[in-house]
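Student: Need coordinates for the below:
(chains A and B)
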Amino acid sequence: MTPHRFLLGKPWIWSFAATVIVWIITVLFTGGASSFGLSQAALTFAAFSVIVGIGQMFVITLGPGNIDLSVPATMTLSGTLALKLMDVQDGMILVGLLASIGIGLIVGLGNYVLIKLLRIPPIIATLSMSFIIQSVAIWSNRGLRIKPPEMLANFTTSDLFGIPNVALVAFLLSVLAWVLLEKSIYGRWISAIGQSMFAARMASIPVDGTRLVTYMLCAVLAALCGYLLASFSGGAALNMGSEYLLLSIAVVVIGGTAVAGGNSNIPGIWGASLFLFLVVSMLNTYGFGAGFRLILTGLIIIVVILLAGGRQSFR
Amino acid sequence: MDIRTMLAASVAVACLCSPTLADTSSKKIALSNNYAGNSWRQAMLTSWDTITKEAVSKGVVAAADPFTTAENQATEQAAQIQNMILQGYDAIVVNAASPTALNGAIKEACDAGITVVSFDGIVTEPCAWRIAVDFKRMGESQLEYLATKLPNGGNLLEIRGLAGVSVDDEIHAGIQAGVEKNPQFKIVGSVNGDWAQDVAQRAVAGILPSLPDIAAVVTQGGDGYGAAQAFAAAKRPTPTIVMGNREDELLWWKEQKDKDGYETMSVSIAPGVSTLAFWVAQQILDGKDVKKDLVVPFLRIDQDNLEENLKNTQKGGVANVEYSLEDAQKVIAAAQ
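Tutor: Predicted coordinates:
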């Protein structure tokens, strides 16, 4: 296989190519002076999309109709409750983290109970779940902003050798997810279920158990992201997750994961997350108005998906 | 719901002996609200609750029930208003999801003899009353402040609200008018912060590396703290950031003020405007002659009254003013 064919065979290559182009165009505006600052900002904010994106990717891999719309509400609830629990004390950081993970586990379990026992389609089940979670978040704190513990806030906003800590956390999670997906039996199972649930059952794969774990994994990652984001931005807000609903799905799709399921892709999520942040930065930098900016963002995304989708005809 | 209304009505009847008895003691008012997912809206609902509970217990009105739609969509709110018509409310106070999309439902309510008062998110239907904020003025006032504070001018970063919402256009128009009057200022960058501090932080962090030195940041409220965070993260000097009355913004301002005498201003509309709308509706039901268009003053905080306002602001909330019947009468009189 020539390097050329090798690269074209990787669906994530397009999102990275687009990222590099957009980065160069943006940096050109200042003649290169902004390259370090822009890269750091892009890595920081991409990290949050990557964390929720990985969870969403696992769910989407389960096959047509599988999607988790409760991601934003889970982020909000996790950020709100964890910060309330920690109450600015450094000693409580671990307790807050565990509480976040606990919230994720409960939400994921709730989602799958609705899907399985009540036979509600995932899109409706997770949407109704998100109303419940959002209401709990409103009820628990009525939108009051509590500051994160000093140590945690410092951790999330600082960097190691120029690489933001949150990006390192996201990278670590990506590696774990990659191992889970590519090297573990669980990864084989979700791909098999995504390709054909019927065949998976025939092959005696524990379909329900696998799907339950996947929904829980997605919710835990969303909760973790909420915990980090709330600490990063100096407190939780009731609408802090709203941006991440479409973002979590978009990074998965642009990254080259098959929407129909059964085929997932982790490097692509990084490419897509960086790309989506940089596109907005580029259009802001060049001073386009909001309307034009949205149209261009849409067009650029379509082009990238078309290019990424075009590869399938080579095979 | 019905039982609650009946209970409230019986309380009102029990209070008939009270001396504050008004002609509206048998009237029922409903609040139709399109969104509750941020601290401003939460404060708005809390204010409504505080003021109307007292009014109901004193027998001023029979009921004042708040309803919030789940999805922030005009269709859903239109259906909600239609339900209110069927439930027999005498007045509907509405914070609308859209200035035009609810007009049909509002017209139906008017035709059914119901008084409709819109506030914050106002409606264009002529039969409804409007309690509007002069958002354009709010934008201009930021530039006026900056012109006195930074007479030499400088580069501005503008953080706008949610694209496509009329409030965003109006504040932006005010800021532009202000820049035209004070040409020593130049807007070198503009981002949409959606009135949410995490969105603002993300957007500002993305554009900041490409910007020259920034003298001041003009905002629309709810985005100042996020902007401050983004400047700090990029290790750039903090410019004069106009704040939007949120407690986190005021607290940050206070910290900077104590540290190095940081100066700025803060302006937004008080969530308690819902209570003003309540009293206006009550006055209309009472048979008072009220102009269809009323203007509510915005709430401005300056360097010298920062501490006082911060003290009165709920932790994590928004600087607020709750309006009384007298305040409403003043606003009504001012419009005559």
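Student: other SSEs contacting whichever helix or strand A:Lys116 is part of?
Tutor: Assigned by DSSP states H and E, A:Lys116 falls within helix A:93-117. Applying 3 or more CB pairs under 8 Å, 6 or more residues apart in numbering or on different chains; DSSP states H and E, we find helix A:93-117 packed against helix A:71-86, helix A:122-141, helix A:150-157, helix A:207-232. Bear in mind the C-beta positions are built from the backbone N, C-alpha and C, glycine included.
Student: Can you tell me which of the ones you listed is most buried?
Tutor: Comparing the helices and strands packed on helix A:93-117 by mean neighbour count (mean count of other CB atoms under 10 Å in any protein chain shown), helix A:71-86 ranks first with a mean of 28.
Student: and that helix, what does it pack onto?
Tutor: helix A:35-61, helix A:93-117, helix A:122-141, helix A:207-232, helix A:244-254.
Student: Just put these in JSON lines and tack on mean pLDDT and distance to B:Thr50.
Tutor: What follows is the helices and strands packed on helix A:71-86, written out as JSON lines (pLDDT from 0 to 100; distance: least, CB to CB, whole Å):
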{"stretch": "helix A:35-61", "mean pLDDT": "90", "distance to B:Thr50": "37"}
{"stretch": "helix A:93-117", "mean pLDDT": "91", "distance to B:Thr50": "31"}
{"stretch": "helix A:122-141", "mean pLDDT": "87", "distance to B:Thr50": "18"}
{"stretch": "helix A:207-232", "mean pLDDT": "92", "distance to B:Thr50": "28"}
{"stretch": "helix A:244-254", "mean pLDDT": "86", "distance to B:Thr50": "33"}
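Student: closest one to B:Ser324 among the ones you listed?
Tutor: helix A:122-141 (27.6 Å; CB to CB).
Student: is any part of that closest one close to chain B?
Tutor: Yes: under the criterion of CB under 8 Å from any CB of the partner chain, chain B is reached by helix A:122-141 at A:Phe131, A:Gln134, A:Ile138, A:Asn141.
Student: quick one: the last one and A:Ser135, what's the gap?
Tutor: The one in question is A:Asn141. 12 Å (CB to CB, to the nearest Å).
Student: what about B:Gln82, how many neighbours?
Tutor: Neighbour count for B:Gln82, taken as other CB atoms under 10 Å in any protein chain shown: 15.
Student: That one is in what secondary structure piece?
Tutor: helix B:74-87.
Student: Summarise which helices and strands that helix is packed against.
Tutor: strand B:28-33, strand B:91-95, helix B:103-111.
Student: who in the stretch 51-200 of chain B is up against chain A?
Tutor: Counting by CB under 8 Å from any CB, the stretch 51-200 of chain B sits next to chain A at B:Ala70, B:Arg160, B:Ala163, B:Gly164, B:Gly189, B:Ser190, B:Val191, B:Asn192, B:Ala196, B:Gln197, B:Asp198, B:Val199.
Student: any idea where the helices of the stretch 151-300 of chain B begin and end?
Tutor: Assigned by DSSP state H, counting those that start in this stretch, the helices in the stretch 151-300 of chain B fall at B:166-181, B:197-207, B:224-233, B:247-260, B:273-285.
Student: Make TSV out of the helices and strands packed on helix A:93-117 and add distance to B:Ile207.
Tutor: Output for those, formatted as TSV (distance: least, CB to CB, whole Å):
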stretch	distance to B:Ile207
helix A:71-86	24
helix A:122-141	30
helix A:150-157	19
helix A:207-232	18
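Student: Just send the helices and strands packed on helix A:71-86 back as a markdown table, with distance to A:Ile185 too.
Tutor: Output for the helices and strands packed on helix A:71-86, formatted as a markdown table (distance: least, CB to CB, whole Å):
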| stretch | distance to A:Ile185 |
| --- | --- |
| helix A:35-61 | 15 |
| helix A:93-117 | 20 |
| helix A:122-141 | 23 |
| helix A:207-232 | 10 |
| helix A:244-254 | 23 |
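Student: The stretch 151-300 of chain A against chain B: which residues are in contact?
Tutor: So the stretch 151-300 of chain A meets chain B at A:157, A:229, A:233-235, A:237-240, A:242-243, A:277-278, A:280-281, A:284-285, A:287, A:290-291, A:294 (CB under 8 Å from any CB).
Student: residue contacts, residue 152?
Tutor: Let's take chain A. Shown in contact with A:Leu152 (CB atoms under 8 Å, 6 or more residues apart in numbering or on different chains): A:Met86, A:Asp90, A:Ile93, A:Gly96, A:Ser231.
Student: Sorry, I should have been clearer: chain B.
Tutor: B:Gln184.
Student: 10 Å instead?
Tutor: Residues in contact with B:Asn152 (CB atoms under 10 Å, 6 or more residues apart in numbering or on different chains) are B:Gln184, B:Phe185, B:Ala215.
Student: Bridge partners for the closest residue to the last one other than its chain neighbours, pull those for me.
Tutor: With sequence-adjacent residues excluded and distances taken as CB to CB, 6 or more residues apart in numbering or on different chains, B:Ala215 is closest to B:Gly154, at 2.7 Å. When bridges are assigned using DSSP bridges, the partners listed for B:Gly154 are B:Phe185.
Student: Tell me, how many residues neighbour B:Gly154?
Tutor: 17.
Student: Find me the pLDDT at residue 32, would you?
Tutor: Picking chain A for this. We have a pLDDT of 71 for A:Gly32.
Student: nope, chain B
Tutor: 93.
Student: Next, count neighbours for it.
Tutor: Count around B:Ser32 with other CB under 10 Å applied: 27.
Student: ok, what's across the strand from it?
Tutor: Bridge pairing for B:Ser32 - DSSP bridges - gives B:Phe67, B:Val94.
Student: Show the contacting residues for it.
Tutor: With CB under 10 Å, 6+ apart, B:Ser32 has these contacts: B:66-69, B:77-78, B:80-81, B:83-84, B:89, B:92-97, B:102, B:105-106, B:109, B:116, B:118.
Student: Now the helix holding B:Gln82: buried residues?
Tutor: B:Ala74, B:Gln77, B:Ala78, B:Gln80, B:Ile81, B:Met84, B:Ile85 (16 or more other CB atoms under 10 Å in any protein chain shown).
Student: what's the lowest-pLDDT member of those?
Tutor: The minimum pLDDT among the buried residues of helix B:74-87 falls on B:Ala74, with 88.
Student: Which ones among the residues of the stretch 151-300 of chain A next to chain B map onto helices?
Tutor: Taking DSSP state H as the definition of helices, these contribute A:Thr157, A:Leu229, A:Phe277, A:Leu278, A:Val280, A:Ser281, A:Asn284, A:Thr285, A:Ala290, A:Gly291, A:Leu294.
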